[in-house]
Every structure is written in structure tokens, then in C-alpha cells.
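> Need a 3D model of the sequence below.
(one chain, ligands or ions: 1)
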Amino acid sequence: MINFTVGPVQSSEAVREIGAQNVPYFRTAEFSEVMLENERLMLKFAGAPEGSRVVFITGSGTASMEASVMNLLTSEDRALVVNGGSFGARFCKICDIHGVPHDEIRLEVGHKLRVEDLPCGDWDFNAEAQRSREAEGGMRCCRTRGYTAFLVNKHETSTGVHYDMGLISRYCKEHGLLLIVDNISSFLCDEFDMAALGADVMITGSQKALACPPGISIIVLSPHALERVTKNDPKCMYFDMKDALANQDRGQTPFTPAVGTLLQINARLREIAAAGGVAAEVQKAKAMAEYFRSRIADLPLEIVSESLSNAVTPLHPTNGMSAYDIFLKLKDEHGIWICPNGGELKDKVFRVGHMGCLTTADYDKLVVALKEVLK
Ligand SMILES: *Cc1c(COP(=O)(O)O)cnc(C)c1O
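All right, here's what the predicted structure looks like:
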């Protein structure tokens, strides 16, 4: 099989070799060293500001989305959540469950975030327009609505829309909003600089571009986010970040983590450091994405996102075929996995990923198979 899904993705040989070994005992100085190095490298690769920390959660990416909401936000907050697909909807659901007041910014499938989608976004950029809107009794500046936090999935993987973090960053700085970024599928695929953006939380997971097995998700916390963690008392033991941080001080976790996956993450982070760091990783994902996109130009496939990430290409077949049937045919007849969509998009959209160990030769095989299937 060749795997072009959006996770789990194909791992390097070094990562796979670790997976073949027995999992070692972990309350040791040796494992602590590995965890402290994991933290150092994650801080560096996220571009985290001085004084930031990292929490490693045993659980998939969603666990870290939920842990972030539980530890950073309370019923006293008011969050704005970008909801452009199933991952945005997930953040809304988490806020609902944990009693965090929130408003969603609903975006149509495939649409990017525009300044006019932000409550009084053009207040920042066009005070004139805002004044006339208020004069007409329209929406008032959101300062008066008391927003405190902004939640976004930088890359809404379900639809392949990559949001403009520059716009979001400016908006959050202007309004003093805590910025929580689910960067799960975009980390290492697109540029991201936590310090420059003023982001307070960055979340990623082991099975996306980190190209390890699923099981670990990672939360990078800015000093401002850490202050909130210290103040809050989540009604949960397993996801209590205070406990996780106190343990991580000595390279440990409160409970048995996915030890093997953390060792694989260490190998992968070292691999990235040795091969030129994040910039080289982003360049590789970009090269793969561009290669694939250039090779399908004459196929009956339409790219359905206004703003693409290097991580994924979302495609709609224009020859009337069901996107899900294309997924099944590639899997069953060609030994190739692409990523199907669920819900309303099941028959309309499939996605091709550019994460993990893939080569242009792999994409050549995919294009040949696609030509065959789409005939
Ligand atoms: C993959 C992904 C997640 C996490 O999903 P899990 O199945 O919980 O790992 C969250 N957000 C985005 C944007 C993702 O791509």
C-alpha cells in the first residue's frame, strides 16, 4: 500500500525500527532525557516565545484540543471559534460540553476566512465602515461583547482550507484575545511562528506530519497561557496540565504515556533537526503538494479550497463519479490509500495528503491509478 491519507501517514525507517522493539520502562533518567529533548525541540520548531513549555498528552489530537479548552478557559470567558468544517465544529462541541460561552464564525465549505467574517473585523482595518455600520444600528465593536479568546484550526483538514494566520494574529492582538491554535495537520507543512503570531497555545499530534504512530498529542504553551493554567482548576484529573507540567519539569508524565511513540517522536525530531529544521520540512511538503497538483491539471478533478495548505489537496471529481467510489477503487484495485470525506462531502470530495515519507515516484503511481479509475 502507498498511504496518501491525512494520518496516520508513512513513517521513516528510523521511526519504524523503534516500533519493532520492546517498549522500555520509563521512570528512568534515560527516558527523562528523551522527554526533555522532545520539549526543547518542540519549543524550537514551534517558534515558541521565551518561557514557553510543552505538555505531552497520551491521546489523539482531540484530547489536546479538549485539554486546552479545559485548562485555559472557564465560564467567565467568551470565545470566538472559527467553524469551517468538522474540526471547527469539534472545538465548538468541546466549548459546549465544558460550559465555555462561545460564538462561532461559520464558514461555507472551502471558503477562507475574510476580514468581514470577524465580528467588526473591519473595525481594525476600516474604522469608517464600522462607524457607519454602528450608526445604522448594526453590529457594534466586539470590544463591547467581551470576547476573551479565539480558537482556530489553522488548517481545517476536513475541507483543506488553510486560514490566514496573519489576519487572525492582528485581530487577536488588537482585541487582546488569547489565541489557541490547533496546528495539528499544518505543523511542519506550512510556516508557523508562535512568537511572531502572538499565539498562546499550539497543538499538534503524532500521526500527522510528525509521521509517527497515533497516540501522542502535544501542546505548546506561551507564558501567558501558563499563567492561565496556573490559575484554573479543571474538573479532570487525567488532563490536568498543572500536574503534567510539574512532571515534565523532570522529563516525566503523571501516568504511563505512550512510551514507544514518544521515543519515535524523539527520533523524528532529531531527524528534522539534522536535515535542516522546520524550513526544510515545509519545503518538502510544498514540493510534494506542487508536484502532485501540477500532475493532475488535465484530470477531471477540481481543487475545492480557496486557500490551500501544503498538507493536503482536497479534490472534487467533475466527471460525475462519487468521490467515495474513487477512494474504494484506489484502495481495492490499486493498493493506494487516499483520504475519503465523511458526512455531506462523502460523495463530493476526497483528499490527497502530502505528509510523511512520500516521494515524487509515489505520486507518479497515484496519478497513473487516478487516470485509470477516472476513465
Ligand atoms: C487530525 C486532526 C485533529 C485530531 O484528530 P484526532 O483523530 O483526535 O487525532 C484535530 N484537528 C485537526 C485540524 C486535524 O487535522
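
> Might you list the low-confidence residue ranges for this structure?
121-144 (pLDDT under 70).

> quick one, helices of it?
13-19, 29-46, 61-72, 86-97, 121-125, 127-135, 165-175, 194-197, 223-231, 241-248, 259-274, 277-295, 323-334, 360-374 (DSSP state H).

> Highest mean neighbour count out of those helices?
Stretch with highest mean neighbour count among these: helix 61-72 (a mean of 24; mean count of other CB atoms under 10 Å). For the C-beta atoms, the positions are set from N, CA and C on the backbone; glycine is no exception.

> which one is the closest residue to the ligand within the chain nearest to, not counting chain neighbours?
Per CB to the nearest ligand atom, the residue of the chain with the smallest distance to the ligand is G61, at 2.7 Å. Distances taken as CB to CB, 6 or more residues apart in numbering place G205 nearest to G61, at 3.6 Å, with adjacent residues excluded.

> Kindly report the same for M288.
H354 (4.2 Å).

> close enough to count as contact, the one you found and E290?
No. The pair H354 / E290 is not scored as a contact, 9.1 Å apart, by CB atoms under 8 Å.

> ok so, going back, for the residue nearest to G61, list the residues it contacts.
G7, S60, G61, S64, I184, P214, I216, S217, I218 (CB atoms under 8 Å, 6 or more residues apart in numbering).

> again, only this time at 7 Å
Counting by CB atoms under 7 Å, 6 or more residues apart in numbering, G205 touches S60, G61, I184, S217.

> do the same with L370
Counted by CB under 7 Å, 6+ apart, L370 has contacts I296, L299.

> again, but for N310
C189, D190, V282, A285, K286, A289, H354.

> measure it to G215 for me?
According to CB to CB, to the nearest Å, N310 and G215 sit 24 Å apart.

> What of D233?
D233 is 27 Å from G215, by CB to CB.

> Between these two, which has more neighbouring residues?
G215 (22 against 9; other CB atoms under 10 Å).

> Which residue comes closest to that one once chain neighbours are left out?
In space, G215 is closest to A258, 3.8 Å off (CB to CB, 6+ apart).

> List, one by one, the residues from this structure near the ligand.
Residues of the chain lying close to the ligand by CB under 6 Å from any ligand atom are 7, 60-62, 87, 153, 155, 157, 182, 184-185, 205, 208.

> farthest pair in those residues?
Within those, S60 and H155 form the most distant pair, 16.4 Å apart (CB to CB).

> related to what we said a few turns ago, isn't the residue of the chain closest to the ligand up against S186?
No. Between G61 and S186 there is no contact under CB atoms under 7 Å: 11.8 Å.

> care to break the protein down by domain?
13-274, 277-374 (automatic domain parsing).

> any chance of those domains in CSV, plus distance to N3?
Conversion of those to CSV gives the following (distance: least, CB to CB, whole Å):
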stretch, distance to N3
domain 13-274, 10
domain 277-374, 5
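
> and of the contacts of N310, the nearest to T253?
C189 (26.9 Å).

> isn't the closest one right next to L308, touching?
No. C189 is beyond contact range of L308, at 10.6 Å (criterion: CB under 7 Å).

> of the two, who's got more company?
It is C189, of C189 and L308, that has more neighbours when counted by other CB under 10 Å, with 28 against 19.

> can you pull the contacts of I303?
For I303, the contact set (CB under 7 Å, 6+ apart) comprises T313, P314, L315.

> got a winner among those for most neighbours?
For the contacts of I303, the largest number of neighbours (other CB under 10 Å) sits with P314, at 27 neighbours.

> so how far is E306 from that one?
Taking CB to CB, one finds P314 at 11 Å from E306.

> same check, this time on K231
39 Å.

> tell me which residues in stretch 333-350 are buried?
Neighbour-count burial for stretch 333-350, counted by 16 or more other CB atoms under 10 Å, picks out H334, I336, W337, I338, C339, P340, N341, L345, D347, K348, V349, F350.

> measure the fifth one to L315 for me?
The spacing between C339 and L315, counted by CB to CB, is 10 Å.

> can you list residues touching both of these two?
The contact lists of C339 and L315 share F350, where a contact means CB under 7 Å, 6+ apart.

> I'd say E306 and L113 touch.
No. With contact defined as CB under 7 Å, E306 does not count as touching L113 (9.6 Å).

> Tell me which of those two has more neighbours.
More crowded of E306 and L113, by other CB under 10 Å: L113, with 24 against 16.

> can you tell me which residues contact S307?
Counted by CB under 7 Å, 6+ apart, S307 has contacts K112, V161, H162.

> export those residues to JSON lines and tack on neighbour count?
As requested, the contacts of S307 are exported to JSON lines (neighbours: other CB atoms under 10 Å):
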{"residue": "K112", "neighbour count": "17"}
{"residue": "V161", "neighbour count": "29"}
{"residue": "H162", "neighbour count": "24"}
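
> Take those residues and keep only those in strands.
V161, H162 (DSSP state E).

> Any idea how many residues pack against the residue lying closest to R106 once chain neighbours are set aside?
Among residues not flanking R106 along the chain, N83 sits closest, at 5.2 Å (CB to CB, 6+ apart). By the criterion of other CB under 10 Å, N83 has 21 neighbours.

> and N83, what does it touch?
The contact partners of N83, taken as CB under 7 Å, 6+ apart, are A89, C92, E104, I105, R106, L107.
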